[in-house]
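> Please find the sequence and the predicted model below.
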Amino acid sequence: MSRHENRMICNCKQVSLYDIEKALHEAKTLVDVEHAFADVQKQTHCSTGCGKCHDQIMDIISQLMYNEI
Ligand code: FES
């Protein structure tokens, strides 16, 4: 992702923006944001700690799905 700099999104699980983007490209079920989130979570374990990052990750995934994929 060139126009965004990489940054840590999920501090609990040390998942960066780049990790989320990469997992999304490998995701099997891009039916909707919820399914994509489940796939990304399976791969990265993001949002399995405090859960504080959940909304931010959902936003990032929807942006990636609808603007860049
Ligand atoms: S910051 Fe992602 S689970 Fe806590």
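That came through, no problem. Numbers count the residues shown, from 1 in each chain.

> Up against the ligand, what does this structure have?
10-13, 46-47, 49-53 (C-beta under 6 Å from any ligand atom). (Glycine included, C-beta is placed from N, CA and C.)

> The protein: strands as residue ranges?
Assignment of strands within the chain using DSSP state E yields the ranges 8-10, 15-16.

> Which strands and helices lie in contact with the longest one?
Meaning strand 8-10. For strand 8-10, the packing partners by 3 or more C-beta pairs under 8 Å, 6 or more residues apart in numbering; DSSP states H and E come out as strand 15-16, helix 17-26, helix 54-63.

> hmm, back to that, any chance of the strands of the chain in CSV, with mean pLDDT and mean neighbour count too?
Shown next, in CSV, are the strands of the chain (pLDDT from 0 to 100; neighbours: other C-beta atoms under 10 Å):
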stretch, mean pLDDT, mean neighbour count
strand 8-10, 97, 20
strand 15-16, 98, 20
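
> There's contact between Lys28 and Asp39 in this structure, I believe.
Yes - counting by C-beta atoms under 8 Å, Lys28 does reach Asp39; the two are 5.9 Å apart.

> how about Gln14, what does it touch?
Gln14 sits next to Met8 when contact means C-beta atoms under 8 Å, 6 or more residues apart in numbering.

> Show me the one of the helices and strands packed on strand 8-10 that comes nearest His35.
Closest to His35 of those is helix 54-63 (C-beta to C-beta; 9.9 Å).

> now the closest one against helix 17-26, angle please.
Going by axes from the mean of the first three to the mean of the last three C-alpha atoms, to 10 degrees, helix 54-63 is angled at 50 degrees with respect to helix 17-26.

> Can I get helix 54-63 in PDB? Just the C-alpha atoms.
Output in PDB follows, covering the C-alpha atoms of helix 54-63 (Å, rounded to 0.1, in the frame of the first residue of the first chain):
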ATOM      1  CA  HIS A  54     -12.000  -3.800  16.000                       C
ATOM      2  CA  ASP A  55     -13.700  -0.800  14.500                       C
ATOM      3  CA  GLN A  56     -10.500   0.600  13.000                       C
ATOM      4  CA  ILE A  57      -9.800  -2.800  11.400                       C
ATOM      5  CA  MET A  58     -13.300  -3.000  10.000                       C
ATOM      6  CA  ASP A  59     -12.800   0.500   8.500                       C
ATOM      7  CA  ILE A  60      -9.500  -0.400   7.000                       C
ATOM      8  CA  ILE A  61     -10.900  -3.600   5.400                       C
ATOM      9  CA  SER A  62     -13.900  -1.800   4.000                       C
ATOM     10  CA  GLN A  63     -11.600   0.900   2.500                       C
END
